[in-house]
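In: turn this into a structure:
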Amino acid sequence: MSFKCKIGIHSWDGCICSDCGKIRDYKHDLSNDCEKCSRCGKEFDNQHDWSKDCEICSKCGKTRERYHVWSHDCEKCSKCGKIRKDSHRIVDDICQICGKGTFFDKSNGKKYEIIKIGKQIIMAENFAKKPDEGNCWVYDDDEYNAKKYGYLYDFETAKSIEPKGWHLPSKAEWETLYTYLGGDAHRVYEHAKDSGFNCMYAGYRYVRGAYNSLMASGHYWSDTAEGENEAWHFKLCAYAHKAEFEKSECGLGLSVRFFKDDKE
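Out: From the prediction side, this is the model:
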C-alpha cells in the first residue's frame, strides 16, 4: 500500500482506489446493472426501475422475461402499461383469454366496450342511444357529457331499448355479479374497478329535472320492479367506496348497462 493510501489520500477511480483497491460507499458504477457495480462488484437490492417496462430497466437497460401481466388485457400490461397489438383471441366478440371485447350497435353505428365477468358478458360502457320513444336525458342537458357518460333513462324506457342479443338485467343478475365480485359492499366496489366493469359515475336525474352526483356515483337500472312506482338498481358509490342495491322512483333518470343474452 502506498504512503498516500496509508494516510487516507486514495487515488479514487469512482468507488475504488486504483492504488490499494479500497472500496468506498459512493460513486459506484451501476450503468450496466442497477444491482451490481461494474467497478468493484458490490451488489445492491431492488435498484432496477421496471415501472415503464416490466422487462427492461429504464435506468440500466437490463432485461428479464415473462414479467408482463396480460391477464386483465391481452394488449396492455396491467403493471407497466406497455401496449402490444393483435394478441386477443376473439370468439363471439369476446377475448377467450382476458375477457375483453367490443359490440357494434348497427342501429346507430356506435361501438361499445364489453367485458366478461364470471359467466356474464356485460357492457363496459353506459348505453348511449336516443330512443325513438320514451324518456332520456344527458347530464346537465349538456350533450358533451353523453360522449363520456352515456344517457340517463327512466325505468320504462330502459326496458324497451335493448339492442338485439342484449337485455336489461334483472336484480337477480346484478346480484350474481355482486356475489362474484366478493359479496361485500366495499369489496365489490374495489373489485368492480379492477374487473373491467368501468364504473363511469354518471350520476342521476331527479324526476323533477335536477341532476346530481356526476363523478360521485353510478346508478344502473335492473328490470325488476318493486310495487307500482319503484324499481331496483345497482349503485356504485365513489364517495363511500361501496356497492349496493336501491329502490328508486321509476321516473328517475339512471344509466343502463345491458347484459348479453345467454345462447342457451
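In: quick one, domains of the protein?
Out: If you go by automatic domain parsing, the domain ranges for the chain are 1-63, 68-95, 99-260.
In: buried ones in the second one?
Out: Neighbour-count burial for domain 68-95 flags 68, 70, 72-74, 76-77, 80, 82, 88, 94-95 (criterion: 16 or more other Cβ atoms under 10 Å). No exception for glycine: its C-beta is placed from N, CA and C like everyone else's.
In: how about stretch 200-212?
Out: 200-205, 211.
In: residues contacting that stretch, please?
Out: 125-126, 137, 139-140, 145, 148-150, 152, 213-219, 236, 238, 249, 251-255 (Cβ atoms under 8 Å, 6 or more residues apart in numbering).
In: with stretch 44-55 instead?
Out: 28, 30, 34-37, 56-60, 62-69, 77, 79-80, 82.
In: stretch 98-113 too?
Out: 70-74, 88, 90, 93-95, 114-117, 121, 123-125, 127-129, 163, 166, 196, 198, 260.
In: can you give me the strands for the stretch 1-150 of the chain?
Out: 12-13, 16-17, 90-91, 94-95, 100-105, 110-117, 120-123, 136-137 (DSSP state E, counting those that start in this stretch).
In: of these, which is nearest A172?
Out: When these are compared by Cβ to Cβ, strand 120-123 sits nearest A172, at 11.5 Å.
In: could I get the CA-only coordinates of that closest one as CSV?
Out: Provided in CSV are the C-alpha atoms of strand 120-123 (Å, rounded to 0.1, in the frame of the first residue of the first chain):
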residue,chain,number,x,y,z
GLN,A,120,-71.8,-12.9,-17.6
ILE,A,121,-70.9,-10.7,-20.5
ILE,A,122,-71.7,-7.0,-19.7
MET,A,123,-71.4,-3.7,-21.5
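In: and that strand, what does it pack onto?
Out: Judged by 3 or more Cβ pairs under 8 Å, 6 or more residues apart in numbering; DSSP states H and E, strand 120-123 is in contact with strand 110-117, helix 171-180, strand 259-260.
In: and among these, the most buried is which?
Out: strand 259-260 (a mean of 20; mean count of other Cβ atoms under 10 Å).
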